[in-house]
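# Following is a predicted model, sequence given first.
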Amino acid sequence: MESVIVAIDGPSGTGKSSTSKAVAAKLGLSYLDTGAQYRAITWWMISNGVDVTDADAVANAAGKPVIVSGTDPSRPTITVDGVDASGPIRTEEVTSRVSAVSAVPEVRALITELQRSIARGAEAGIVVEGRDIGTTVLPDADLKVFLTASPEARAARRSGELKGADVRATQEALVKRDAADSSRKTSPLAKADDAVEVDTTELTLDQVIECVVTLVEEHSAEAESRRSATEGAEKRRGGK
Ligand SMILES: Nc1ncnc2c1ncn2[C@@H]1O[C@H](COP(=O)(O)OP(=O)(O)O)[C@@H](O)[C@H]1O
Ligand SMILES: Nc1ccn([C@@H]2O[C@H](COP(=O)(O)OP(=O)(O)O)[C@@H](O)[C@H]2O)c(=O)n1
């Protein structure tokens, strides 16, 4: 298969991370969790006493942390200034503050550039998941998928992960974060016009993975047949 870039966007709990990791592993592609990067910069701000509600303070500090993402889908990693951040970025404290930090344009500019350079460096191709990958980060992606699911299904999935969490409180927090992410000025959560929308409410994770793998394979088959048609036409023109 030719190198392929897949963008998977959607709100929280729609299955972006689990689907992207599995699709990347099945197809031998790299994997990038862009939400983890916004979480990492948020964790750094909190740890370094930056007031995350002060957009100027966040903008001024945005260039300081060094964030490194490992892109192996079977073992994704994230470090901040060389320190493993995979645990601390999932705390409730980070989750409740990440939307404020990710709304700051200077933060987005830096992280977007980092994401583009990681995608450029992925030789076999990459699955990149987030909120604005299809619209802003990689508008020329070969395939764009936008995952959705009902707020009830998403909250049930999330509270299944956070043992003992109240489903109603989880749903409220999730809906609030979606609203903040969808309404920010810079690069909000949105479906790209050319993205394929998949409602995962009634689907199992395996069905969603299968659906995306099929979409990637269809894309690759179409690209291959276009390429051989062009080559055939060129050969005929050359009289060979
Ligand atoms: N189609 C599905 N049906 C049931 N559970 C799912 C489905 N997709 C994902 N999950 C589960 O829901 C939780 C959240 O999925 P995740 O991939 O982290 O979503 P996102 O990255 O969009 O926030 C995980 O525990 C995952 O195993
Ligand atoms: N491409 C992206 C990815 C995440 N984000 C921000 O990062 C937060 C955390 O993303 P995430 O993917 O880890 O969130 P979950 O879906 O795992 O809950 C989102 O709520 C957004 O505020 C973003 O702004 N742009």
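Good, I have the coordinates. Ligands and ions are numbered 1, 2, ... in the order given.
# From now on I want contacts and neighbour counts done on CA atoms only, so please keep to that.
Noted.
# Buried ones in the longest helix along the chain, by neighbour count?
In the chain, assigned by DSSP state H, the helix with the most residues is helix 205-237. Buried positions in helix 205-237, judged by neighbour count with 16 or more other Cα atoms under 10 Å: Val208, Ile209, Glu210, Val212, Val213, Leu215, Val216, Ser220.
# my read: the last one touches Glu2, true?
Spelled out, it's Ser220. Yes - using Cα atoms under 8 Å, Ser220 is in contact with Glu2, at 7.2 Å.
# Residues of the chain that sit close to ligand 1?
Within the chain, the positions near ligand 1 by Cα under 6 Å from any ligand atom are 12-18, 157-158, 161, 200, 203-205.
# Summarise which helices and strands the one helix or strand in the chain whose mean pLDDT sits lowest is packed against.
Lowest mean confidence among the helices and strands of the chain (mean pLDDT, DSSP states H and E): helix 151-161, at a mean of 90. Judged by 3 or more Cα pairs under 8 Å, 6 or more residues apart in numbering; DSSP states H and E, the packing partners of helix 151-161 are helix 167-183.
# tilt between the helix it packs on and helix 151-161?
Calculated by axes from the mean of the first three to the mean of the last three Cα atoms, to 10 degrees, helix 167-183 forms an angle of 120 degrees with helix 151-161.
# For helix 167-183, give me every contacting residue.
Contact with helix 167-183 is made by 11-12, 96, 99, 103, 151-152, 154-156, 158-159, 188-190, as judged by Cα atoms under 8 Å, 6 or more residues apart in numbering.
# Highest neighbour count among these?
Within these, neighbour counts (other Cα atoms under 10 Å) peak at Ala155, which reaches 26 neighbours.
# Once you drop chain neighbours, what's closest to that residue?
Leaving aside its sequence neighbours, Ala155 sits nearest to Gln171 (Cα to Cα, 6 or more residues apart in numbering; 4.8 Å).
# what about that neighbour, how many neighbours?
For Gln171, the neighbour count with other Cα under 10 Å is 19.
# Distance-wise, check it relative to Lys163.
As judged by Cα to Cα, to the nearest Å, Gln171 and Lys163 stand 15 Å apart.
# Same check on Glu113?
Distance from Glu113 to Lys163, by Cα to Cα: 36 Å.
# So which of these two has more stuff around it?
Taking neighbours as other Cα under 10 Å, Glu113 and Lys163 compare with Glu113 leading, 12 against 8.
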